[in-house]
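[1] sequence first, predicted model second:
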Protein chains: 4
Amino acid sequence: MDTPVSRIAHAYPDRVEVRGRDLAGDLMGRVGFSEYFHLLLTGREPTEDECFFLDLVLVSIAEHGLMPSNVAARMTLAADPGSLHGAVAAGVLGAGPVVLGTAEECATLLAEGGEPADVVRRYREAGAKVPGFGHPVHRPVDPRAERILELADERGVSGPHVARARALHAELGLTMNVSLPIAAVLLDLGFPRVAVKAVPILARTASLLAHLAEEGEAPIGFDLARAAEDAVRYEPDARA
Amino acid sequence: MDTPVSRIAHAYPDRVEVRGRDLAGDLMGRVGFSEYFHLLLTGREPTEDECFFLDLVLVSIAEHGLMPSNVAARMTLAADPGSLHGAVAAGVLGAGPVVLGTAEECATLLAEGGEPADVVRRYREAGAKVPGFGHPVHRPVDPRAERILELADERGVSGPHVARARALHAELGLTMNVSLPIAAVLLDLGFPRVAVKAVPILARTASLLAHLAEEGEAPIGFDLARAAEDAVRYEPDARA
Amino acid sequence: MDTPVSRIAHAYPDRVEVRGRDLAGDLMGRVGFSEYFHLLLTGREPTEDECFFLDLVLVSIAEHGLMPSNVAARMTLAADPGSLHGAVAAGVLGAGPVVLGTAEECATLLAEGGEPADVVRRYREAGAKVPGFGHPVHRPVDPRAERILELADERGVSGPHVARARALHAELGLTMNVSLPIAAVLLDLGFPRVAVKAVPILARTASLLAHLAEEGEAPIGFDLARAAEDAVRYEPDARA
Amino acid sequence: MDTPVSRIAHAYPDRVEVRGRDLAGDLMGRVGFSEYFHLLLTGREPTEDECFFLDLVLVSIAEHGLMPSNVAARMTLAADPGSLHGAVAAGVLGAGPVVLGTAEECATLLAEGGEPADVVRRYREAGAKVPGFGHPVHRPVDPRAERILELADERGVSGPHVARARALHAELGLTMNVSLPIAAVLLDLGFPRVAVKAVPILARTASLLAHLAEEGEAPIGFDLARAAEDAVRYEPDARA
C-alpha cells in the first residue's frame, strides 16, 4: 500500500503550514475567512470575482428563518444545553438533498447537454420535478435568485451555465429558486463541483450557530417540539 | 404560554428579512460572509475592527492538519460517500471541550477575577491544567497565539482580557495556545460569550469541508481506519 | 507509549472472537440481543435477573410518543430521505441530560450518602430540581416507575438504591419519574455506572428506528416542521 | 391539510400506550427488548421464529472489532468525554452503504428476478461488485453467514430468498458475507424492507456503546487518531 497523502496542512512545532503557506506568518491578518475557505477547498487563493461571488452565495443561502434544520437543532439544544456542537451536528444532518442538496442536482442539470425543451420534457415524462424550480414560499420570483443573476451580469461573470439556467426558466415558467443560480455562477467561475455541495453546508452552519445562540439566551426548543407533537393525532392501527 | 419569539429572520413571498434588513435588496453583494455571520449572531453589523478580528480568529483556528475530527469525518465519508453533510456532522461532534471547547474555558478563566498567581496556584492544587496553556505540537510558542496578540497590539484592541492572558502566561511559563488569545481578543472587543464557542465550530466546518473534498477525490479514510485498528492489541480480559 | 488495548472483539479470517468467545460457533443462536448487549458492555453474560431487568428497563424507556428527539429525527429524514442512519444520529443527539440523561444524575443522587431530608433541603436551597422527580405528562404517578419497583420487589432484587429512591420520594412527595427506578434497579443489580447512561441510548435508538420507518412510509416530517415554525413570531429587535 | 397521524405511541397522564397496548400494565415484564423492537417497528408482536431470527441477526452484525465507525466514535468521545450520545451519533453516521448499508442492497438483489448467471454477468459488465459478496478479512467463508444459513435450514425458515442467495453464491464463487443471509432470512420471514436497514443500525449501536464504555474507562481515542495521522504524508501540491 502506498503511503496515504494529504495536501491540505501540517503542524510543525514552530509553524502551521496550510496549502504550502505559513499560517501565522503569511495568511493570518492578510486573508479573510471566505478567501481562506477557498484556499482550503481548492488549494488556491481566489481572484477578486471568485471571492465576491463566494461571499455572495454564502450570504444568499445561509439564513431563511425557522427552517426544519434550525428547528431540529433548537430542539436538540433544549435537550442537551451544554452541547452547542452536538446541536449544530443535528442541524447539519438536515442539509440533505430535499432541502440544501438541490444545488448539487442543479449543477448536474446545468452541466449535462441537450436542448432545454427536451430536458424539461424528459423530467415531465418521468413525473419528476426539475431541480432548481419551485419554492414553498417565494413566488412569482425568489428574490435571492434574481439578485445573484443581476450581480453576475453586472460583474460580467455570467457564462454558459447562467445562460442555461435562464433558458430552462424560459421553458418551464416556474419560480427559479436560489439553488440554480448558485450552481450556475459557481460553475461559470470554474469552482470545482464539490464546492456546490460544500458552500450551502458552511453557510447553514453560520445560521445554525445564530439560532442556537438565540436558543441559549431565550429557549423555545421545547415549545417548538410541543407544537409539532400537538399537530399529530395518535391512531393505533388495526393490526394492534 | 406566550408565543415563542425569534428575532433572526423570516421569509415572505417576495422578500427574506434578516435581522430587520432585506436580504436580497440590501445585504447580498454588500456584506461578506464574515460580516453576515456577525450580523446573524449578534443582530448588529460589525465595525471594521470586529470584522478584522473575527476573520483573524476564524482563520487561526480552522485548520491544523489531520486532527482527530478530520480523521473521524474522513472515515465516515469513506463508509457513506454520498453524504457530505453526514461526514461534516460526525466531524463537528469532535469539537468538544478537550479540543476546541477550551476557548470557552479560557473565556471563563479570563472573565473571573483574582490575582494570576492565586489562580494558577488554585488550578495546581486541584491537579488541573490551566485552560489555554500547553500544546501537543507547538513549543516553545504557538505561532498562532503570538500572531493574534501581535495584531491586537498593532491595531490597539488589546484590553484587560489580553493583559490577563499575558499575566497568566508570565506566571505559568507554559506555551500559550491559540485558544487563550482567541477568547481574550473576542472579549476585549465586546463579543458575546457564545461567540467564543461558535467561532471555532464555524471555522472547523470549513476545514472539514476541505478534508472531505480531498477525501472524495483521493480517498484515504479506510487507510486511516486500518492504521488506527492496527495500533491496538486485542486482549480478552480475565472475566471472559 | 504502550500499545493501546481493547478487550472487546477481534476478527480473524475464519472466526470472530467477542469477549473471548466464538461469535458464530458459540454465541449466535444461543444468546439473545439483550444478553449479548450485556456481554459486550460488561464482558460477562448476564444472570437471569440481570437479563430480565435489562430487558425491563430497555422496554420501559424506549418509547413515549412524539418526543422532541423523534420529531427532530423525522424532520431530518424528511430532508434527507435516503439516510436512515443520519436521521437516527440526529435523534440520538437529543438524548441529552435534560431528557434522557437524567438517569445518570439519578445514579449520582442514589450513590451519594446523606439523610434524604438533608439531600432534599440542599437541592431546594440551591433552587435546583431533584433529579428523578417531576414529569411533564405523568401525574400523580409515572406508571412505568411504579411497575419497575413492583417487579423489583416481586423478584427480590430491591436493595439499598431502591430503598433510597423510595425514601427520597416520601420526603419530596412529587411524581417519581421512570429515570429514578431505572438507575436504582441497575445499581442494586451491580451494573456498572456507564450502563445507566448506555441503556436509555440503546432503547431510544429502537424507538427512533420505528418512528423513522413510519416516516418513510407516511411522511409527516415537514408537517411537524411547519407546525413548529408557525408557533413562532418573528420580531426583529431594536438593535436591527 | 389533513391532520398528520402516527400509529406508534401516545403518553397519557396515567398510562403510556404503545401500538395499542398498555406499556406498564401489559408489555413491561412480559416482552423482551427484541420482541418490543419488533412490535415498535412492525406494529405486531413477533412469532417465536421471528424473534429467534431477529435476535440472531442482531447478534451476528453488532460487533466486529475496531471497525471504522467504532474508531471514529472513540476519537469523538476522547474530544468530548461528557457526551456519550454525541459519540454514539458520530459512530452511527458511519453506518453507511459501503459498510452496513450493503444489507439493503442485498435485499434489492434478492427481491429482483432474473437468472443468477444473468444477474452476475450484468454486474460484471457494469464493473460493479455484487452486493453481499467479498470481505476484507473473512475467507474462504464468513463464519457468521454460514451460521445464519445453517440455523435457517435447521428451523425450516429458509425460503426463496435464501435459495437465491445460495444460487448467486454458486455462480460467483466469492465469500458470501454476513449481509446477504441477514437480508435473505429477514425477507423469507416476511419482515418489511425497512427492517433490513434498521437491524444493523440498532445492532451497531450496542457495539458502539460497549466500545465507548471501554473508552471511558481506558481511553485510547487519541492514540487511534495519532496512529491514523502518522500514516499520512503531507505533500503540498504544485498549485500552492
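    Great, that's in hand. Numbers count the residues shown, from 1 in each chain, chains lettered A, B, ... in the order given.
[2] report the central residue of chain A.
    residue A:200 (1.4 Å; CA atoms, centre = their mean).
[3] my guess is it contacts residue A:100, does it?
    Yes: taking CB atoms under 8 Å as the definition, residue A:200 is a contact partner of residue A:100 at 4.2 Å. Every residue, glycine included, has its C-beta placed from N, CA and C.
[4] anything in contact with each of these two?
    Counting by CB atoms under 8 Å, 6 or more residues apart in numbering or on different chains, the shared contacts of residue A:200 and residue A:100 are residue A:61.
[5] show me where chain A has its helices.
    Here chain A has its helices, by DSSP state H, at A:33-42, A:48-62, A:68-79, A:84-92, A:102-111, A:116-125, A:143-154, A:160-172, A:179-188, A:193-217, A:221-230.
[6] name the nearest residue to residue A:29, ignoring sequence neighbours.
    Nearest non-adjacent residue to residue A:29, counting by CB to CB, 6 or more residues apart in numbering or on different chains: residue B:151, 5.1 Å away.
[7] typo on my end, residue A:129
    residue A:123 (7.1 Å).
[8] any idea how far the one you found lies from residue A:193?
    Residue A:123 is 21 Å from residue A:193, where distance means CB to CB, to the nearest Å.
[9] ok, residue A:160 to residue D:61 distance?
    For residue A:160 relative to residue D:61 (CB to CB), the value is 49 Å.
[10] just to revisit the earlier point, does the residue nearest to residue A:129 touch residue A:134 like I think?
    No: with contact defined as CB under 8 Å, residue A:123 and residue A:134 do not form a contacting pair (11.8 Å).
[11] ok so, going back, residues contacting the residue nearest to residue A:29?
    By CB under 8 Å, 6+ apart, the neighbours of residue B:151 are A:28, A:29, B:53, B:56.
[12] got TSV for those, with distance to residue A:117, pLDDT and neighbour count too?
    Converted to TSV, the contacts of residue B:151 look like this (distance: CB to CB, whole Å; pLDDT from 0 to 100; neighbours: other CB atoms under 10 Å in any protein chain shown):
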residue	distance to residue A:117	pLDDT	neighbour count
A:28	52	98	23
A:29	53	98	19
B:53	53	98	25
B:56	51	98	27
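[13] pLDDT below threshold where in chain A?
    A:1, A:238-240 (pLDDT under 70).
[14] for it, what lies in contact range of chain D?
    Residues of chain A lying close to chain D (CB under 8 Å from any CB of the partner chain) are A:3-10, A:17, A:19-21, A:43-44, A:80, A:82-83, A:85-86, A:89, A:231-237, A:239-240.
[15] out of the residues you listed, which are buried?
    A:4, A:6-10, A:17, A:19-21, A:43, A:80, A:83, A:85-86, A:89, A:231-232, A:234, A:236 (16 or more other CB atoms under 10 Å in any protein chain shown).
[16] check contacts around the nearest residue to residue A:187 once chain neighbours are set aside.
    Spatial nearest neighbour of residue A:187, chain neighbours left out: residue A:161 (4.3 Å); criterion: CB to CB, 6+ apart. Counting by CB under 8 Å, 6+ apart, residue A:161 makes contact with A:110, A:111, A:183, A:184, A:185, A:187, A:188.
[17] quick one: contacts for the residue nearest to the centre of chain A?
    A:61, A:95, A:100, A:101, A:103, A:182.
[18] is it correct that the third one is in contact with residue A:61?
    Think residue A:100. Yes: with contact defined as CB under 8 Å, residue A:100 counts as touching residue A:61 (7.5 Å).
[19] got any residues that touch both of these two?
    Common neighbours of residue A:100 and residue A:61 (CB under 8 Å, 6+ apart) are A:200, A:204.
[20] what's the closest of the contacts of residue A:161 to chain D?
    residue A:187 (19.6 Å; CB to the nearest CB).
[21] ok, that closest one to residue A:158 distance?
    11 Å.
[22] who touches both of the two?
    Going by CB under 8 Å, 6+ apart, no residue sits against residue A:187 while also sitting against residue A:158.
[23] re the thing from before, ok, which of the contacts of residue A:200 also contact chain C?
    Applying CB under 8 Å from any CB to the contacts of residue A:200, those adjacent to chain C are A:95, A:100, A:101.
[24] turn the residues you listed into a markdown table, including neighbour count.
    Formatted as a markdown table, those follow (neighbours: other CB atoms under 10 Å in any protein chain shown):
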| residue | neighbour count |
| --- | --- |
| A:95 | 29 |
| A:100 | 24 |
| A:101 | 24 |
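[25] so which of those residues are in strands?
    Among those, no member falls in strands (criterion: DSSP state E).
[26] what subset of these is also close to chain B?
    Counting by CB under 8 Å from any CB, A:95, A:100, A:101 from those sit close to chain B.
[27] and which of the residues you listed is nearest residue D:174?
    residue A:101 (34.2 Å; CB to CB).
[28] from what I see, that closest one and residue A:199 are in contact.
    No: Residue A:101 lies out of contact with residue A:199 (CB under 8 Å); the separation is 11.8 Å.
[29] distance of residue A:59 from residue C:237?
    Residue A:59 is 20 Å from residue C:237, by CB to CB.
[30] one more: residue A:40?
    Counting by CB to CB, the gap from residue A:40 to residue C:237 is 34 Å.
[31] residue A:28 now?
    Using CB to CB, residue A:28 is found at 33 Å from residue C:237.
[32] residue A:169 contacts residue A:176, correct?
    Yes: between residue A:169 and residue A:176 a contact is recorded at 4.8 Å, counting by CB under 8 Å.
[33] if you count surrounding residues, which of those two has more?
    residue A:176 (27 against 21; other CB atoms under 10 Å in any protein chain shown).
[34] any idea what the more buried one is bridged to?
    Note on residue A:176: beta-bridge partners by DSSP bridges are residue A:133.
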